[in-house]
Every structure is written in structure tokens, then in C-alpha cells.
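Asker: here's my sequence, what's the structure:
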Amino acid sequence: MAARAENHVITDDEIEPLADETARQAQRVVAAHAKDADECRMFLSMLGIGPAARAE
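Answerer: Predicted coordinates for the structure are as follows:
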């Protein structure tokens, strides 16, 4: 029987920054599957890996 998962709220302190190479790979996957540029920008923004977010 599977172990029971505990409800755990993830705080900002627990989130590690995404490696640049990982973000670039994710951007490529999103761009390949988006139906157009607007959808691509929206998904990248939602994931926090858009061009503006990475430039900081």
C-alpha cells in the first residue's frame, strides 16, 4: 500500500533558483508546443521562465 502524502505548503524559502540551462531547455519545449507566439509568452510567463524573468 502506498504511503499517505502529508499536506505541505511550500514557502518561498524552500524554492531554489532554476539553473540557466534548465530554463533554456524548458523554454525550447514550451516554444515547440505552443500554437503561437502569444501562447508561448503566456506559458513562459506562467512558469516564471520568460525572457524578462531570466534577465533579472
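
Asker: quick one: the helix or strand that contains Asp38 to chain centroid distance?
Answerer: Assigned by DSSP states H and E, Asp38 belongs to helix 37-47. Centroid displacement of helix 37-47 relative to its chain, using C-alpha atoms, centre = their mean, to the nearest Å, is 10 Å.

Asker: list the buried residues in that helix.
Answerer: For helix 37-47, a neighbour-count test (16 or more other C-beta atoms under 10 Å) marks 40-41, 43-44 as buried. All C-beta atoms are positioned from the backbone trio N, CA, C, and that covers glycine.

Asker: pLDDT for these - can I get that in CSV?
Answerer: Shown next, in CSV, are these (pLDDT from 0 to 100):
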residue, pLDDT
Cys40, 97
Arg41, 95
Phe43, 96
Leu44, 95
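
Asker: who are the packing partners of the helix holding Asp38?
Answerer: In terms of contacts (3 or more C-beta pairs under 8 Å, 6 or more residues apart in numbering; DSSP states H and E), helix 37-47 is packed against helix 20-33, helix 51-55.

Asker: so which residue is dead centre in this protein?
Answerer: Residue closest to the mean C-alpha point of the chain, counted by C-alpha atoms, centre = their mean, is Leu47 at 3.3 Å.
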